[in-house]
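Return a 3D structure for these sequence lines:
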Amino acid sequence: MVNDMDLHLSHLALRLADRLLARAPAVCGPALLTHLHPRMMMLARSALVQGSALTSLIRLFRSVVQASLPGMSYADLFAQLYSSNVGGADLSKQALTNLSRCVAGIACTPQATQQALQRFVADLQNAGTTEAQKQLALLCLGEVGQAADLASLAGLKDLVLACFESKSEDTKLAAAFALGHIAVGNMGTFLPLVLQPAGTSKHQYLLLAAVKDMVVVFANQQKDFQPHLAAVLPVLLQQCKAEEDSVRTIVAECLGVLTTMLPDQIIPVLLQLSQDVSDKLSRRMIGNALRFSLSRSAASAGALQAITTEMHRFLPLLQDEDLDVKKAALLMVNTAVHHNASTIEAHLGTTVVPALIETLQIKLERVVDLGPFKHRVSNLHFHILLGLCTIDQRLSATLRAGGRQHASAQDRADLPGDHPGQLPRAAGQRVSGAGDAHGAGRQGRVEGAGAPGKAVIAPAFLAVHNSQLYSPYCRSWPSCASTAQRWWWALWSS
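Presented below is the predicted three-dimensional model:
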């Protein structure tokens, strides 16, 4: 039962073994060593283990160490978990992360922690250490450092920063992970190092990645970040206008996570940035930041309420003239619809649905000369697909809710009939997919949707009907058309 094919079953089996071990360690010890121990080692190296299964695995490793079972002492498990990574094993980044969490989990006493830290530092100092082992040592340092103060460890800061010069990108990111997590254990010592002023370090991206990891740990552990906000926020805002998209993405994720922790302080800052019409980079970053906030399952009810209250001031980004800003806003709305629909519930009919329909109507194409023939390519391909996906999700929610007021009937509009390639198929799939999900037998429920349902389904129907689905490249037209027509008449005859 303990394998990475069924993580829920593995979680239950590991939890059962943990309880049996606590009740009768002398009886369960031999069986655990013979049958369960090899599977635990396999899970620790798996890139698929996550969530409750990983938590139960770490807890069982810790219980085994505390029980001092023969053949599974701390020294035995540490050697098997940490040292067996070297050699021919080519573990992925996620597998190394899981392995590091297990190694940190068994270091549950001060003496074991000190021994583990000395081994990690020795591996980083050794010039003959492989990149994979350096990455594991850095990840383990981060996992241990987020719960312990490592400021007394001589030369630790220099060792971690030296890894920023590695030729391996994975080693650099592991060093950023270690620096961000170590800072959680001693903010007074490591926070100034992480928050080096922009322009003074050639590793600004890695330092921002460390800030992101640090903020995420605070959010996941529900720690108070208020004392450190005054130092972190100016550094993040300074990078909002960075030319590198990767830098702005990290800043957006940091601000998004901070919004879930300190909405009263961060949302006014985002609103102020959104008012600057000359700064398109910051406006794009705002949409991404809210997307990260809305997608976090750990977001508090207070944060979601604060976002809901001010959402009407962010939705004008859907009408922005810059296509990249519009794309970020579409992603934000799509995320809200999927994860926290209540945040935009009140604005669907007045702002969101009309903006989605307007996006579907935009025609911006370029012609690619392929020699014997020419091919039309839409510059708004991703925007239109996002709009269709959002309409699909909202339509399904409308029907499930029995016709809550989401949009007005005046949102009906004809859509362009010449979106090439996959866009007509996408429109058809949205309608046919919704039909398949709800079934033709639920016509009475569809009729109950009334005008809100009409306003949501009309754009998808017209996108199917008016587009080039008659072409030989789209064989799904008959089923899509019949489904669309069935929904259309069911709605408009009500």
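
Quickly list the domain ranges of this protein.
195-341, 344-494 (automatic domain parsing).

Pull the number of nearby residues for residue 372.
5 (other Cβ atoms under 10 Å). Where you see a C-beta, it was placed from the backbone N, CA and C, and this is true even at glycine.

any idea of the pLDDT on it?
Note on residue 372: pLDDT of 76.

a strand runs through it, doesn't it?
No - Residue 372: not assigned to a strand; according to DSSP: H, G, I helix; E, B strand; the rest coil it is coil.

List the contacts of it.
Not one residue lies near residue 372 by Cβ atoms under 8 Å, 6 or more residues apart in numbering.

Going by mean pLDDT, which of the domains of the chain comes out lowest?
domain 344-494 (a mean of 52).

for the host helix or strand of residue 325, which positions count as buried?
Element membership of residue 325, judged by DSSP states H and E, is helix 323-339. Buried residues in helix 323-339, counted by 16 or more other Cβ atoms under 10 Å: 325-337, 339.

Stretch 281-297: which residues count as buried?
Those would be 281-296, for stretch 281-297 by 16+ other Cβ under 10 Å.

Outside of it itself, list whatever touches it.
By Cβ under 8 Å, 6+ apart, stretch 281-297 touches 219, 240-242, 248-249, 251-253, 255-257, 259-260, 270, 273-274, 276, 299, 303, 307, 314, 317, 320, 322, 324-325, 328-329, 331-332, 335-336, 339-340, 343.

Are any of those buried, and if so which?
In the contacts of stretch 281-297, burial by neighbour count holds for 219, 240-242, 248-249, 251-253, 255-257, 259-260, 270, 273-274, 299, 303, 307, 314, 317, 320, 325, 328-329, 331-332, 335-336, 339-340, 343, counting by 16+ other Cβ under 10 Å.

which ones among the residues you listed are found in helices?
The helices, defined by DSSP state H, take in 219, 248-249, 251-253, 255-257, 259-260, 270, 273-274, 303, 307, 314, 325, 328-329, 331-332, 335-336, 339 from the buried ones among the contacts of stretch 281-297.

Could you measure from residue 111 over to residue 74?
9 Å (Cβ to Cβ, to the nearest Å).

Can you pick out the residue with more neighbours from those two?
A count of neighbours by other Cβ under 10 Å puts residue 74 above the other of residue 111 and residue 74, at 21 against 9.

Neighbours of the closest residue to the more buried one other than its chain neighbours, how many?
Closest residue to residue 74 apart from its sequence neighbours, by Cβ to Cβ, 6 or more residues apart in numbering: residue 65 at 4.9 Å. Neighbourhood size, residue 65 [other Cβ under 10 Å]: 22.

which one among the buried residues of stretch 281-297 gets closest to residue 2?
residue 296 (30.1 Å; Cβ to Cβ).

Please, where are all the strands along the chain?
Under the criterion DSSP state E, strands of the chain are mapped to 365-369, 374-378.

got a list of what residue 47 touches?
By Cβ under 8 Å, 6+ apart, the residues touching residue 47 are 91, 92, 94, 95, 98.

Restricted to buried residues, select those in ChimeraX.
Selection of buried members from the contacts of residue 47 for ChimeraX, criterion 16+ other Cβ under 10 Å:
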select :91,95,98
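
residues near residue 70, how many?
When neighbours are counted by other Cβ under 10 Å, residue 70 registers 9.

For it, give its distance to residue 29.
7 Å.

what's the pLDDT at the residue nearest to residue 74?
Looking at residue 65, its pLDDT reads 89.

One more: the one 10 residues further on?
The pLDDT attached to residue 75 in the predicted structure is 88.

What is the burial count for it?
Residues near residue 75, counting by other Cβ under 10 Å: 11.

With residue 228 instead?
Residue 228: 18 surrounding residues under other Cβ under 10 Å.

residues touching it, list them.
By Cβ under 8 Å, 6+ apart, the residues touching residue 228 are 187, 191.

Would you mind measuring from it to residue 261?
Going from residue 228 to residue 261 by Cβ to Cβ gives 11 Å.

give me every residue that touches residue 94.
Neighbouring residues of residue 94 by Cβ under 8 Å, 6+ apart: residue 47.

Please tell me how far it sits from residue 331.
Using Cβ to Cβ, residue 94 is found at 24 Å from residue 331.

Residue 153 now?
42 Å.

isn't residue 176 right up against residue 210?
Yes - look at residue 176 against residue 210 with Cβ atoms under 8 Å: they come within range, at 4.5 Å.

any idea how far residue 142 is from residue 177?
As judged by Cβ to Cβ, residue 142 and residue 177 stand 5 Å apart.

Mind checking which of those two has more residues around it?
residue 142 (31 against 26).

okay, now the closest residue to the more buried one other than its chain neighbours: neighbour count?
Among residues not flanking residue 142 along the chain, residue 181 sits closest, at 3.4 Å (Cβ to Cβ, 6+ apart). For residue 181, the count of nearby residues is 26 (other Cβ under 10 Å).

Enumerate every residue touching residue 181.
By Cβ under 8 Å, 6+ apart, residue 181 lies in contact with 141, 142, 143, 145, 146, 213, 214, 217.

Ok, residue 335 next?
Each residue near residue 335 by Cβ under 8 Å, 6+ apart is listed here: 291, 294, 295.

Next, work out how far apart it and residue 271 are.
Taking Cβ to Cβ, one finds residue 335 at 19 Å from residue 271.

Name the residues of stretch 339-350 that are buried.
Using 16+ other Cβ under 10 Å as the test for burial, stretch 339-350 gives 339, 340, 341, 343, 344, 345, 347, 348, 349.

can you list these in CSV and add distance to residue 8?
Shown next, in CSV, are those (distance: Cβ to Cβ, whole Å):
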residue, distance to residue 8
339, 22
340, 25
341, 27
343, 30
344, 32
345, 32
347, 37
348, 35
349, 40
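
Out of the residues you listed, the closest to residue 55 would be?
Distances from residue 55 to the buried residues of stretch 339-350, taken by Cβ to Cβ, are shortest for residue 339, at 22.6 Å.

show me what contacts that closest one?
Listed by Cβ under 8 Å, 6+ apart, the contact partners of residue 339 are 294, 295, 297.

Could you check how far it is from residue 333?
Applying Cβ to Cβ, the value for residue 339 to residue 333 is 11 Å.

again, but for residue 347
Look at residue 347 and residue 333: by Cβ to Cβ, they are 10 Å apart.

which neighbours do those two share?
Counting by Cβ under 8 Å, 6+ apart, the contacts common to residue 347 and residue 333 are residue 315.

related to what we said a few turns ago, and of the contacts of residue 339, the nearest to residue 9?
Taking Cβ to Cβ as the measure, residue 9 lies nearest residue 297 of those, at 22.4 Å.
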